[in-house]
Each structure stands twice: as structure tokens, then as C-alpha cells.
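Participant: Sequence and predicted model, in that order:
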Amino acid sequence: MAVLVTGGAGYIGSHTCLELLNAGYEIVVVDNLANSSTESLKRVQELTGKDFTFYQTDLLDQEAMEVVFKQNKIDAVIHLAGFKSVGESVRLPLRYYHNNMTGTLVLCQLMQEHAVKNIVFSSSATVYGMSDSVPISEDFPLSATNAYGRTKLMIEEMMKDLYESDPEWSIALLRYFNPIGAHSSGKLGEDPNGIPNNLMPYITQVAAGGLNELHIYGSDYPTRDGTGVRDYIHVVDLARGHLKALEKVVSSKGIEAYNLGTGRGYSVMEMIASFEKVTGQRISYRITDRRPGDIGVCYSDPSKAERELGWVALKGIEEMCRDAWHWQSNNPQGYQKEKPILFTGIS
Ligand code: UD1
């Protein structure tokens, strides 16, 4: 069975490709390398010892995407390609709508034309907006507070309409909580552009000496220690969740949303303490104002994914911190993004 992975060179994509190959799937990767490099895919190939086809292609390029569908017998799609920075989406909303919405539209149109109707979509816990209670389950009200979040929400809505129009579709909407960590080999990990927006890559860069100190965004939230609480999930657990969702979409029809989280929340202070404990590195920090748009507490009820997909997150917070540091310390410059090169087939 061949699975098309869009955004397969990215942080979650590369870990998902590795799990797919290890599980025996044939994969076809499409990525425009806007926020990634071919180095991650080379490492996936090295780690698995398996070849696969790669297209440096933009989903917005309908003709090039048509070629992907014509040259490969695709059975299912895992759709991860998209812009993901909240702040950038506020500054450049049209860019986000164009890229995320139109890219998905082109993909779904081609899938329909080629009778490929199984898709796992990379959504986000951001679709719960400013949820006022926890744990968050899939039936909570949906909303968005920024353009990035709205693209995720609108794509979910688009996919619901698609299913309504044609019940042959089979769709899983995966709502990720906070993916962190890295592959245990230290060869795959998160490689953000510029100064990281998210907590864990910021912590690892402070530990590595590239950044001076962490700014903790607020210590007056109604939480155990006043700092924000999130549901951090190991990226390898998350990747495995995609395989479980894939099994589900190829074996039954319908559209379902699933939370992928651990169901446990950790505060910023607890994250720093865990990181320091397992790595022996000191993290300097300073408390600053709250970040606009942040909520105090966010964690999942992941029981639907356990019930319906047979998936649970297995890795704990210390493993997440250890693997994040292993990756960062082995790759201080990340993947050292090379100039994009065009090739098909990694060998
Ligand atoms: C952020 C995005 C969210 C997106 C998710 C993807 C915002 C407002 N939200 O979520 O839409 O789906 O990433 O991974 O950007 N923190 C600090 N100092 C930092 C960075 C973060 O104190 O330098 C705190 C935050 O206030 C929060 C926690 O750490 O309490 C986690 O932050 P982050 O990693 O950015 O994730 P989210 O805000 O949950």
C-alpha cells in the first residue's frame, strides 16, 4: 500500500515517514522545503535502510501534483503540509489562507479525481480556541483566535462537507496537542527557522548556549505555579498515532476527529525542572508578561483515540526532554538547511 505524505520532510512528517517505512508501507513524499530540508529525508532513509520517492513540489502547483498522482498508485494520504506559525499568520493572513486552504483544496480535488478517498489530516488543538475547561474532548466547541488556527478549522469544515457530499471518503482529523522531543537516534528532530516560538526548542537552544535565557510568558495563571500548563506529547508517539489513524481510514468510511495528547498537563516551570534533571543543563529564565492569545491550561482527553484507534502515548516527559536535548546537542545547527535540490527517489 502506498501512502502519500505531504510535508514529509518536516518535523512531524519525517518522524511519520520513518514509522511508516518501518511498518512496511511504501511512501511517496511531497514537500516544497519551505520550512524543511532534504537532509531529514536522507536521514529517514539511512535510519530505515529503505528507499522512497520524493517530489520537491508545492501543493499549490496543480500540474506538478497531477504528475505525483499519475506516476504513483496512491492508496491514502497523510496531509501535513502547511504553514504553522501563529505570529506570522497574524501578520500575513492571506499567505496563510492561500497556502493552507488552497493547498488542501488542490490536494483533495486531485484525490477525488484519482479516486483516492482516504486521508489523515494534521489538525491542531488550536481548533478548541480559548477553551475554558479541561480535559478537552473532541466534542468541545470549536473556534479560532488567529489566522493559522482558522485555516485548521476551515480545513476541518471543508473535509466535513466533502464527506457529506460523498460518503466514500474516509477522513481522520488529528488534533495535536504540543509535540516535542525527537527520534531516539538523535538524527531527526525539530529545526525551527530563526528564534523558536515554542517552548521546548527555546529551552534546548538556551541549554546549547545559542540563546541567553528563556522568557516565561506569565506567572499569574491559575495553575500550580502560575505558569502555563500544556499537554506535551513525544513526536514519536504522535507519529505512531498517524499510523493508527491510517489503519482506521483504510478499513472504514467516515470522518472522525481525534485528540493526540497524553492527557497530562505540565507547567513551564515543571518543564524546566524535568529538562534540567535529565540533561544536567541549567536553564536561565526570566518571568515576563503573558504572551497575547495564550491560555493558562490546555490538556487533552485522549480516550477517544485509545478507544477507536487503539493508540495511547507511551513516552513520558523525561524521555521527551532527553530526546529533545540529544537531538539539539548532536545537531547544534539543526539540519544546516542546504540549498533545495530537485530530485526524485532518494538513493
Ligand atoms: C503554540 C501555538 C499554537 C500551536 C502550537 C503548536 C501560540 C499562541 N500558540 O501553542 O497555536 O498549535 O504552538 O506547537 O503561539 N512559553 C514560554 N516561553 C516561550 C515559549 C512558550 O513561557 O519562549 C510558554 C507558553 O506561554 C505556554 C507554553 O510555554 O504556556 C507552551 O508554549 P508553546 O510551546 O508556544 O505552545 P502553545 O502556546 O501551547
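Facilitator: Yes, it's here. Computed from a predicted structure; not experimentally measured. Residues are numbered from 1 along each chain as shown.
Participant: For the stretch 51-200 of the chain, which segments count as helices?
Facilitator: With DSSP state H, counting those that start in this stretch as the criterion, the stretch 51-200 of the chain has helices at 62-71, 86-91, 93-96, 103-113, 147-165, 199-208.
Participant: any chance of those in JSON lines, plus mean pLDDT and mean neighbour count?
Facilitator: Bear in mind the C-beta positions are built from the backbone N, C-alpha and C, glycine included. Shown next, in JSON lines, are the helices of the stretch 51-200 of the chain (pLDDT from 0 to 100; neighbours: other Cβ atoms under 10 Å):
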{"stretch": "helix 62-71", "mean pLDDT": "98", "mean neighbour count": "15"}
{"stretch": "helix 86-91", "mean pLDDT": "96", "mean neighbour count": "16"}
{"stretch": "helix 93-96", "mean pLDDT": "98", "mean neighbour count": "15"}
{"stretch": "helix 103-113", "mean pLDDT": "98", "mean neighbour count": "19"}
{"stretch": "helix 147-165", "mean pLDDT": "98", "mean neighbour count": "18"}
{"stretch": "helix 199-208", "mean pLDDT": "98", "mean neighbour count": "22"}
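Participant: Take the ones you listed and write them to a markdown table, including distance to the ligand.
Facilitator: Converted to a markdown table, the helices of the stretch 51-200 of the chain look like this (distance: least, Cβ to the nearest ligand atom, whole Å):
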| stretch | distance to the ligand |
| --- | --- |
| helix 62-71 | 26 |
| helix 86-91 | 4 |
| helix 93-96 | 12 |
| helix 103-113 | 17 |
| helix 147-165 | 6 |
| helix 199-208 | 4 |
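Participant: Out of those, flag the one nearest I180.
Facilitator: helix 199-208 (4.0 Å; Cβ to Cβ).
Participant: so what does that closest one touch, helix or strand wise?
Facilitator: Under the contact definition 3 or more Cβ pairs under 8 Å, 6 or more residues apart in numbering; DSSP states H and E, helix 199-208 sits against strand 178-180, strand 214-217, helix 268-279, helix 317-330.
Participant: For Y221, give me phi and psi.
Facilitator: When read as degrees, to the nearest 10, the backbone of Y221 gives phi -80, psi 150.
Participant: One more: H114?
Facilitator: Torsion angles, degrees, to the nearest 10, at H114: phi -100, psi 10.
Participant: what's near enough to touch the closest residue to it other than its chain neighbours?
Facilitator: In this structure, H114 finds its nearest non-sequential neighbour in F69, 4.7 Å apart by Cβ to Cβ, 6 or more residues apart in numbering. Contacts for F69 (Cβ atoms under 8 Å, 6 or more residues apart in numbering) come out as 110-111, 113-114, 116.
Participant: I'd guessed N178 sits against Y232; true?
Facilitator: Yes. Taking Cβ atoms under 8 Å as the definition, N178 is a contact partner of Y232 at 4.7 Å.
Participant: Which one of the two is surrounded by more residues?
Facilitator: Ranked by neighbour count (other Cβ atoms under 10 Å), N178 and Y232 place Y232 first, with 28 against 23.
Participant: In contact with the more buried one, which residues?
Facilitator: Here Y232 is in contact with 177-180, 200, 262, 266, 271, 317, 320 (Cβ under 8 Å, 6+ apart).
Participant: beta partners for S170?
Facilitator: N118, G254 (DSSP bridges).
Participant: Can you get me a residue count around it?
Facilitator: Counted with other Cβ under 10 Å, the neighbours of S170 add up to 20.
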